[in-house]
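Engineer: Fold the following and give me the result.
(one chain, ligands or ions: 1)
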Amino acid sequence: MSCFRLATALTAARPLPRNSQNLRLFARKSQEFTYARRQFSKALNESNIGKNTKPAGTLKLTLLGACIGAVAGSTYTIYSRISDKDSHKEHERTPPKVIGSLPAGVRITKRYINPKDTSGLDIVLFQFQTCPFCCKVRAYLDYMGVSYSVVEVDAVLRQDIRWSSVKKVPMVLIRQQDGQYVQMTDSSAIISLVASSLHDKRTDVGDLAQFYPHVSFFDDDGKKRQDILNKYFLMYQDRTPKNMTKEIEENERKWRTWADNHLVHLISPNCYQTLGEALETFEWFSQAGEWDVYFPKWERNLMVYGGATAMWAIAKILKRRHELTDDVRSHMYDALGKWTAELKKRNTKFMGGKQPGLSDLSVFGVLSSMEGCQTFKDSLQNTNIGKWFYDVKELVQQNRGELRRERIAGVEALA
Ligand SMILES: N[C@@H](CCC(=O)N[C@@H](CS)C(=O)NCC(=O)O)C(=O)O
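Structural biologist: Modelled structure (predicted):
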């Protein structure tokens, strides 16, 4: 399939993460090999072998060189095999899963139905309402006026994703033309896939999803990891829109990456800084996610009190991991200042120009996840983020489909 071949080429052409262990290992071995070769030539020169020698000496020298070369080559190969025995597994490529039908027992919580939606997409989003990654996906779907169904997953028990081997949200199931569902994980890959599909309605979404395989690699600690390396790339194939310049694409990728790799990591250490703030945050989650509507009281309370305590403890680890100082708010203010300074420099309403682009929607999505938290209120007072945030919010809300509830705690599905 040509789509898949292009995906293969794209992934192969893209550099692996610069700091990945396997690249370093490869570089080190190349250096060792080059060094060994240089040492050998140097030894030859210094020993004067070959100088003023007769033809017979040349033959001997050639044989000697060949033998040393063979021994060095074999040793190097054996050494490589032993020390790098898993290297053949380093670039495993796992395409998105396809499942025959919606898993039994999946309970749709609500739907957003937009009568103007022409995407032809049938999307089921598994989410936690206030997870920043899920907020990003919703911000994009809402802004683009795409209809979708939501399965609100209980963050503690996670019964609604029991069928899936991936236990993280957001996750989507999107109906292919053959009636099967392609399962896409990772917020940025989901957004890129839907954006690619909106751009290219002729190609089956299942085929486009093949452009986003998980690829394995080793991280700095030698741990094997997987990621969707193409997740910030839209698959325009040979139909790149005229107004999409390389500069715009690169800038979008830069800020989308920043939202995922930097901004998002500032949220937990801020919003769960103290046990009190963690509880307040979870009460807001409960309110925003309408947990009292969708879950029985005992489950809601478990999520609020269990979640707040767990996150308060985890936030301390995250703060250390991301090397944040005790003044966690200042990191948030700095990040928001960086974003607004860039907008000012560009002198545009949004990073995407007159309308929000993918990076606006990603940054907005991440920030909207903490809209009811003290951190957000403090950020409004201490930075200039408010104007841009509410401008994006207005457009997202304007374009969003109509809400239709499907599941109420203790009540069977609404007609
Ligand atoms: N890179 C992923 C991250 C998703 C993620 O970490 N989701 C969290 C919720 S905010 C989760 O599901 N955590 C559960 C777990 O790690 O088991 C994305 O962008 O979707």
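Engineer: which residues does the residue nearest to D178 when sequence neighbours are not counted contact?
Structural biologist: Using Cβ to Cβ, 6 or more residues apart in numbering and skipping the chain neighbours, the partner closest in space to D178 is G206 (7.3 Å). All C-beta spots, glycine's among them, are computed from the backbone N, C-alpha and C. Under the criterion of Cβ atoms under 8 Å, 6 or more residues apart in numbering, the contact partners of G206 comprise V98, I174, Q176, Q177, D178, Q180, V182.
Engineer: Now render these as a markdown table, adding neighbour count.
Structural biologist: Formatted as a markdown table, the entries for those read as follows, by neighbours: other Cβ atoms under 10 Å:
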| residue | neighbour count |
| --- | --- |
| V98 | 15 |
| I174 | 24 |
| Q176 | 16 |
| Q177 | 11 |
| D178 | 10 |
| Q180 | 14 |
| V182 | 23 |
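Engineer: Those in strands, which ones?
Structural biologist: Per DSSP state E, strands hold the following members of the contacts of G206: V98, I174, V182.
Engineer: And the last one, how close does it get to the ligand?
Structural biologist: What it means is V182. Relative to the ligand, V182 is positioned 16 Å away (Cβ to the nearest ligand atom, to the nearest Å).
Engineer: OK, contacts around P96?
Structural biologist: Applying Cβ under 8 Å, 6+ apart, the residues contacting P96 are V182, Q183, M184, T185, A209, Q210, Y212, P213.
Engineer: Can you tell me how far it is from the ligand?
Structural biologist: Counting by Cβ to the nearest ligand atom, the gap from P96 to the ligand is 14 Å.
Engineer: Would you confirm that that residue belongs to a strand?
Structural biologist: No. The secondary structure assignment for P96 gives coil rather than a strand, going by DSSP: H, G, I helix; E, B strand; the rest coil.
Engineer: Check what pLDDT it gets.
Structural biologist: The pLDDT attached to P96 in the predicted structure is 97.
Engineer: which one is it nearest to, not counting chain neighbours?
Structural biologist: Spatial nearest neighbour of P96, excluding adjacent residues (Cβ to Cβ, 6+ apart): A209 at 4.7 Å.
Engineer: Test my guess that that neighbour contacts M184.
Structural biologist: Yes. Using Cβ atoms under 8 Å, A209 is in contact with M184, at 5.9 Å.
Engineer: Need the residues touching each of these two.
Structural biologist: When contacts are counted by Cβ under 8 Å, 6+ apart, A209 and M184 have P96, I174, L193 as shared neighbours.
Engineer: what about the closest residue to the ligand within the stretch 201-350 of the chain, neighbour count?
Structural biologist: In the stretch 201-350 of the chain, the residue found nearest to the ligand is D260; the distance is 6.0 Å by Cβ to the nearest ligand atom. The tally of other residues near D260 (other Cβ atoms under 10 Å) stands at 20.
Engineer: so which helix or strand takes in it?
Structural biologist: D260 belongs to helix 246-261 when elements are defined using DSSP states H and E.
Engineer: for A310, same thing?
Structural biologist: Using DSSP H and E, A310 maps to helix 307-321.
Engineer: how about that helix, does it get close to the ligand?
Structural biologist: No. Residues of helix 307-321 are not located near the ligand by Cβ under 6 Å from any ligand atom, the shortest gap being 10.4 Å.
Engineer: residue contacts, the closest residue to R404 other than its chain neighbours?
Structural biologist: The spatial neighbour of R404 that comes closest, neighbours along the chain excluded (Cβ to Cβ, 6+ apart), is R111 at 4.7 Å. With contacts defined as Cβ under 8 Å, 6+ apart, R111 is in contact with S147, Y148, S149, V150, G401, L403, R404, E406.
Engineer: Show me what R111 bridges to in the sheet.
Structural biologist: Applying DSSP bridges to R111 gives these bridge partners: S149, R404.
Engineer: Read off the pLDDT value for it.
Structural biologist: Looking at R111, its pLDDT stands at 97.
Engineer: if I look at the residue nearest to P96, how far off is F364?
Structural biologist: Counting by Cβ to Cβ, to the nearest Å, the separation of A209 from F364 is 25 Å.
Engineer: where does the chain dip in pLDDT?
Structural biologist: Filtered on pLDDT under 70, the chain yields the residue ranges 1-67, 70-71, 73-90, 408-415.
Engineer: what does it put close to the ligand?
Structural biologist: Remark: the part of the chain in contact with the ligand comprises F128, C131, F133, K167, K168, V169, P170, D186, S187, S188, using Cβ under 6 Å from any ligand atom.
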